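Q: Model the structure of this input:
(one chain, ligands or ions: 2)
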Amino acid sequence: MQVIAFISGKGGVGKTTLAANMAVALAQRKKRVVLIDLDPQNAQRLHLGMDPDEIAGLVREGISPASLFDSPFDIKFIPFGRVSPVELLNFETELKANPRWVANGIDALRSEAVDFVLLDTPPGPTVYLHQALRAAHRALVVVLADAASYASIPQIESLVSQYTVGRTDFRGMNLLINQMPSQGKLGHQVRMALYADHAEQVVPVAIHKDPRVAQALAFERPVLEYEPGCKASLDIQYVVDWLLDSLQQ
Ligand SMILES: Nc1ncnc2c1ncn2[C@@H]1O[C@H](COP(=O)(O)OP(=O)(O)O)[C@@H](O)[C@H]1O
Ligand SMILES: [Mg+2]
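A: Numbers count the residues shown, from 1 in each chain. Ligands and ions are numbered 1, 2, ... in the order given. Below you'll find the model as predicted:
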């Protein structure tokens, strides 16, 4: 079982979108995938066409075979769940007291013959990032090809090393460029700078900025299902092939 955390220093970069679509792409390759929403925004369900009024999820049910939803698109899913502010506060207190809460829950899924567990997280240094990195074998840091994302990398890099200290089964972080503009020089300049500084870590395929991504979300479907041939969908397929290849090595 491989546990992959989608993380970022900044919000709105595409973690939720990419986690959903990479889950779908892995399922299309006959991998058994569990997607877990570790973000109180509870937005992952929007990508999967799940009932918005569903209150069950991570907070109330925890992570176990019994809390898995059968989502469309052939993946198993645990939404964050809809919770009150008090429930959220209590939950975060529990997470702080037990840094392996998520890791232990994922261990409990071993009986389910799962190939991949994908973890969606909120941006920045949160208790959810800490939990995700205690459980993950690999972190995908989603970045935009802009100066602000570039500048946020050292901070996320130090959080990753801090939160994975002593984890012998953690294989490192990769930088995944999203919303790459098709035109203009700036995106390419930032991309080249990323390669220059982090050659080993940059995923060799960047995901294009593509209007179909937002359209797919409006229809509550992954873009891979909504428009399989569009630029972003093809890029996501390449990234998943790269991921599977890199796990073989
Ligand atoms: N490759 C892309 N092309 C165009 N829009 C994108 C792309 N990836 C994400 N978006 C849009 O960016 C916004 C933020 O994406 P989201 O996945 O919610 O980011 P995060 O989870 O990191 O906050 C959404 O409106 C989404 O539709
Ligand atoms: Mg998100």
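Q: Could I get the full set of strands for this structure?
A: Along the chain, counting by DSSP state E, strands occupy 2-7, 33-37, 69-70, 76-78, 116-120, 138-144, 173-178.
Q: Of those strands, which shows the lowest average pLDDT?
A: Out of the strands of the chain, strand 69-70 stands lowest, with a mean of 91 (criterion: mean pLDDT).
Q: And for that one, what's in contact with it?
A: 50, 56, 76-79 (Cβ atoms under 8 Å, 6 or more residues apart in numbering). Heads up, the C-betas are built off the backbone N, CA and C, glycines and all.
Q: what's the closest of those residues to ligand 1?
A: Nearest to ligand 1, judged by Cβ to the nearest ligand atom, of the contacts of strand 69-70 is residue 79 at 14.2 Å.
Q: residues touching that closest one, list them.
A: The contact partners of residue 79, by Cβ under 8 Å, 6+ apart, come to 37, 42, 44-45, 50, 54, 56-58, 69.
Q: Would you list the buried entries among the contacts of strand 69-70?
A: For the contacts of strand 69-70, a burial check counting by 16 or more other Cβ atoms under 10 Å picks out 50, 76-79.
Q: nearest to residue 224, of those?
A: Set against residue 224, the nearest of the buried ones among the contacts of strand 69-70 by Cβ to Cβ is residue 77 (15.3 Å).
Q: How many residues are close by the spatially closest residue to the closest one that is not a sequence neighbour?
A: Distances taken as Cβ to Cβ, 6 or more residues apart in numbering put residue 71 closest to residue 77, at 4.0 Å, once the chain neighbours are dropped. Neighbours of residue 71 under the rule other Cβ atoms under 10 Å: 24.
Q: Just the buried positions in the worst-scoring helix or strand of the chain on mean pLDDT, please.
A: In the chain, no helix or strand scores lower on mean pLDDT, DSSP states H and E than helix 186-198, which sits at a mean of 84. By neighbour count on 16+ other Cβ under 10 Å, the buried set for helix 186-198 is 187, 190-191, 194, 198.
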